[in-house]
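S.K.: could you work out the structure for the sequence below:
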Amino acid sequence: MATEPDTEPEADSPVDPEAAVELELELDLPDDATEDEAAAIAAAVSAHMRDQEIAAAAAAATCEKTWQGKKWAFAGRIDALQARRTRVPDGTPTNAWVAASRAERF
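M.R.: Down below sits the predicted model:
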């Protein structure tokens, strides 16, 4: 007997339902599984998949801003405004105003 887990997001879910990818999954259950056992297995798999979605959404939400791709532009801005060449350190704050206030230290 095969059962598909419920892939609909719950109303109180932090995951955006429009951003969720709709998947068609097939769950292979033992032929001798009772309806209660099949429901329990499907519920456990569904809960696990839901936990994975929530963890992925939380990881994406807490992703810190980085200087990836912006260090050269910021160094060029310092060069243009202060007429000096510098290297932007890795520990520089990603907030542009804070970084600008520390530009003399680079």
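S.K.: which secondary structure elements does the strand or helix carrying Ala43 sit against?
M.R.: Element membership for Ala43, per DSSP states H and E: helix 35-61. When contacts are defined as 3 or more CB pairs under 8 Å, 6 or more residues apart in numbering; DSSP states H and E, helix 35-61 sits against strand 2-3, strand 27-28. Where C-beta positions appear, they are placed from N, C-alpha and C, glycine not excepted.
S.K.: so which bits of it are buried?
M.R.: Going by neighbour count (16 or more other CB atoms under 10 Å), the buried part of helix 35-61 is Ala38, Ile41, Ala42, Val45, Ser46, Arg50, Glu53, Ala57.
S.K.: quick one: that helix to chain centroid distance?
M.R.: Distance of helix 35-61 from the chain centroid (CA atoms, centre = their mean, to the nearest Å) equals 17 Å.
S.K.: which one of the helices and strands packed on helix 35-61 has the lowest average pLDDT?
M.R.: Of all the helices and strands packed on helix 35-61, strand 2-3 carries the lowest average pLDDT, namely a mean of 48.
S.K.: find the centremost residue of this protein, please.
M.R.: Most central residue of the chain, judged by C-alpha distance to the mean C-alpha position with CA atoms, centre = their mean, is Ala60 at 1.9 Å.
S.K.: okay, that residue and Ile54: tell me how far apart.
M.R.: Separation of Ala60 from Ile54 (CB to CB, to the nearest Å) stands at 11 Å.
S.K.: ok, now Ala33?
M.R.: According to CB to CB, Ala33 stands 28 Å off from Ile54.
S.K.: got it, and Glu104?
M.R.: Separation of Glu104 from Ile54 (CB to CB) stands at 44 Å.
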